[in-house]
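return atomic coordinates for the entry below.
(chains A and B)
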Amino acid sequence: MRLTTRTTFLLLVGPIGFFLLFFVIPFAQLVKESLFGPQGWTLDNYTSVLTDAYYWKALVDTLVISLLVTLVSFLAGYPLAYFMIFHLRSAALRRLIYVVLVTPLFTSNIVRAFGWIVILGRRGMVNAGLLALGAVEAPVDLLYNKASIIIGLAYILLPLMVLTVCSILQSIDRSLIDAARDLGASPSVAFFSVTLPLSLPGVVAGSIIIFALSASAYVIPSILSGGREIVMSMLIFQQYMATFRPDVGATLSVVLLVVTLALIAAYAYGVERRTRVAM
Amino acid sequence: MMIPEDYRNRIGRVFLGGIASLVLVFLAVPLIVVVALSFTTTSYLAFPPVGMTTRWYAAVLGDPTFIDAFVVSSELAALATGVALLLGIPAALVLARKSFPGRRLISAAFLSPLVLPTIVLGAAILQYASTLGFARTFAALLVGHVVLVTPYVIRTVLASLSGMENVLEEAAQDLGATPSETFFLITLPLIKPGVIAGALFAFINSWINVEVSIFNSTSRLMTIPVKLFNYVQFNIDPRLAAVSALTIYFAVALVVVIDLMVGLERAAINTTADGRAS
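From the prediction side, this is the model:
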């Protein structure tokens, strides 16, 4: 449709106005809060946060957890997506798989975390199984550590990786794979030199989303850590709702945001350079 | 020893199918377990569930605080979706059909709530609403949720618009239709599946949100996920399983509705995966 400048303006004024009022300005205010002290503009909040080992540990833990979640999601999600696109012939089965993929996305994080408590808890499914098999004599602690946070996060974010990779695998021209096979490449050679490189943009997009969402996830870590592990989002929440230090909360938010975005940018840049060299 | 190639291929396929099945089990089991436990007759949660009773559902449905939370969640999600459609469809239309300086920037800004930390969005809205004097009200919840879910509408509508032939719209305009006639008679009917999918994804993402809601909740104004979040810190009991199971039934119902109305596969890929439209 051809849109005149006037129509364009009329159509955009609502959404842009709303986002300015309730998204851009609130974020700007948050940044200002982090840079403002009793005596006006200052970097004090940042120096006190960045020189505190406690905050550093939380930041590093957050990033390590997010990295592992991204890795797990890729290792588990890629094979499933590949299977769905290249091997699954039954349309009904494929539909069922989409239901299994999307239903968790439509369920609250609380419910999903609760599911893992029930599975991994002391009276949970895994412990019941281990006890019945006689593998252990008393219930083992499987919950409330980094591993349970990683399992919980990978569980909620995995569908996003599968869907992103599916979307790109679908768009790959199959004749390229056939050509590689006709020219004598074994299936694994064809996969590693044709299919995988062509699907890389989907993997990159998926891993960026998953990394960003893990780094900022609040519900899953706070339930599945049992308070024994601390990630950045939990600290941010505490500063606002328990210790009532919005200035520190805002500073931690900005630090989390900047570090996450910087890592994502570095990753995207690195991938782009490597693909360009390879081509 | 040489293994014949098609035999090797078969091993590979079985292996791949095995991994795929394991991943699917990993995805399905937590929800199935919650549903199973919601019927246990014991007053604590233990696996496997004992017996079969619906009394936890009766307990939940007889508890007015749960009902209130269900009502708040539903009103909030419905209103947020409505506003998101009013903001998102015009925005997507312009982004898809007009090129102008700053277009990419605006598009990135509209979609950024999808990747920005939702907890930071919640905190920012609370702080902003406090300055303006509407903190911890339904209005504060609503604006936060609108920002949160509008990107889903924009993304699906953008995907539908870029998959649709522009020539039909131009023909209508050449024949004298005004932009609004063109939109309502040509464009909207053609992008309807995208609009429906976007609306349902917007609704559900508002319905399940904790991070944005929790900052602006009070003991009398609480959505169902926030209520569950507070509950789970102190009690882990079959009542919790029953409420959770109710939300799972709702999710499954919505998934089926999406599949019947617009096709789940396309809707899911367009909304969650990078729709390659922007």
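
which residues touch residue 30?
Chain wasn't specified; assuming chain A. Each residue near residue A:30 by Cβ atoms under 8 Å, 6 or more residues apart in numbering or on different chains is listed here: A:250, A:253, A:254, B:120, B:123, B:124, B:127. Glycine gets a C-beta too; all of them are placed from N, C-alpha and C.

let's do chain B instead
With contacts defined as Cβ under 8 Å, 6+ apart, residue B:30 is in contact with A:104, A:112, A:115, A:116, A:118, A:119, A:155.

where's the residue nearest to residue B:256 when sequence neighbours are not counted, which helix or strand?
Nearest residue to residue B:256, sequence neighbours excluded (Cβ to Cβ, 6 or more residues apart in numbering or on different chains): residue A:99, at 7.8 Å. Using DSSP states H and E, residue A:99 sits within helix A:91-105.

repeat for residue B:10
Element membership of residue B:10 [criterion: DSSP H and E] is helix B:5-37.

in that helix, what counts as buried?
Residues of helix B:5-37 classed as buried: B:16, B:19-20, B:23-24, B:27, B:29-31, B:33-37 (neighbour count, 16 or more other Cβ atoms under 10 Å in any protein chain shown).

make TSV from those residues and add pLDDT to it.
Formatted as TSV, those follow (pLDDT from 0 to 100):
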residue	pLDDT
B:16	86
B:19	89
B:20	90
B:23	91
B:24	92
B:27	90
B:29	89
B:30	89
B:31	90
B:33	88
B:34	89
B:35	90
B:36	88
B:37	86
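
closest one of these to chain A?
Set against chain A, the nearest of the buried residues of helix B:5-37 by Cβ to the nearest Cβ is residue B:30 (2.8 Å).

which strand or helix spans the residue lying closest to residue B:124 once chain neighbours are set aside?
Of all residues not flanking residue B:124 in the chain, residue A:26 sits nearest, at 3.9 Å (Cβ to Cβ, 6+ apart). Assigned by DSSP H and E, residue A:26 belongs to helix A:25-34.

one more: residue A:248?
Under the criterion of DSSP H and E, residue A:248 resides in helix A:246-278.

check the offset of that helix from the chain's centre.
Its chain's average C-alpha position is 13 Å from that of helix A:246-278, according to Cα atoms, centre = their mean, to the nearest Å.

put the alpha carbons of the helix or strand of chain B with the lowest mean pLDDT into CSV.
The helix or strand of chain B with the lowest confidence, counting by mean pLDDT, DSSP states H and E, is helix B:264-272 at a mean of 78. Extracted C-alpha coordinates of helix B:264-272, given in CSV (Å, rounded to 0.1, in the frame of the first residue of the first chain):
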residue,chain,number,x,y,z
LEU,B,264,0.5,-23.7,14.9
GLU,B,265,3.6,-24.2,12.9
ARG,B,266,3.6,-21.0,11.0
ALA,B,267,2.3,-19.0,13.9
ALA,B,268,5.0,-20.3,16.2
ILE,B,269,7.8,-19.7,13.8
ASN,B,270,6.6,-16.2,12.8
THR,B,271,6.2,-15.0,16.4
THR,B,272,9.1,-16.6,18.3
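
which helix or strand lies directly C-terminal to the helix or strand that contains residue A:129?
Using DSSP H and E, residue A:129 maps to helix A:125-133. Proceeding N to C from helix A:125-133, the next assigned helix or strand is helix A:146-171, under DSSP H and E.

gap between that following helix and the chain center?
Offset of helix A:146-171 from its chain centre (Cα atoms, centre = their mean): 8 Å.

can you name the residue of the stretch 101-250 of chain B nearest to chain A?
With Cβ to the nearest Cβ, the shortest gap between the stretch 101-250 of chain B and chain A falls at residue B:117, namely 3.0 Å.

and chain B, is the helix or strand hosting residue A:7 touching that?
Using DSSP H and E, residue A:7 falls within helix A:5-19. Yes - against chain B, helix A:5-19 shows contacts by Cβ under 8 Å from any Cβ of the partner chain at A:7, A:8, A:11, A:12, A:14, A:15, A:16, A:18, A:19.

just the buried ones among those, please.
Neighbour counting by 16+ other Cβ under 10 Å classes A:7, A:8, A:11, A:12, A:15, A:16, A:18, A:19 among those as buried.

so what pLDDT did the first one get?
I take that to be residue A:7. Residue A:7 carries a pLDDT value of 86.

tell me the average confidence for stretch B:86-100?
The average pLDDT for stretch B:86-100 rounds to 92.

mind listing what's buried along it?
So, applying 16+ other Cβ under 10 Å, buried residues of stretch B:86-100: B:86-98.

okay, those residues in a markdown table with secondary structure and distance to residue B:70 next?
Output for the buried residues of stretch B:86-100, formatted as a markdown table (DSSP: H, G, I helix; E, B strand; the rest coil; distance: Cβ to Cβ, whole Å):
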| residue | secondary structure | distance to residue B:70 |
| --- | --- | --- |
| B:86 | helix | 25 |
| B:87 | helix | 26 |
| B:88 | helix | 26 |
| B:89 | helix | 28 |
| B:90 | helix | 32 |
| B:91 | helix | 31 |
| B:92 | helix | 31 |
| B:93 | helix | 34 |
| B:94 | helix | 37 |
| B:95 | helix | 35 |
| B:96 | helix | 37 |
| B:97 | helix | 40 |
| B:98 | coil | 42 |
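
restrict these to those near chain A?
The subset of the buried residues of stretch B:86-100 within reach of chain A, by Cβ under 8 Å from any Cβ, is B:86, B:87, B:88, B:90, B:91, B:93, B:94, B:97, B:98.

the second one is in contact with residue B:149, isn't it?
No - here residue B:87 does not reach residue B:149: they are 10.1 Å apart, not a contact under Cβ atoms under 8 Å.

for burial, what's the neighbour tally of residue B:171?
By the criterion of other Cβ atoms under 10 Å in any protein chain shown, residue B:171 has 13 neighbours.

ok, back up a step: pLDDT of the helix holding residue A:248, averaged?
Mean pLDDT, helix A:246-278: 82.

give me the most central residue, the chain.
I went with chain A, as the question did not name one. When Cα atoms, centre = their mean is applied to chain A, the residue found nearest the centroid is residue A:210 (2.2 Å).

right idea, wrong chain: chain B
residue B:205 (3.0 Å).

name the element that residue belongs to?
Applying DSSP H and E as the criterion places residue B:205 in helix B:188-207.
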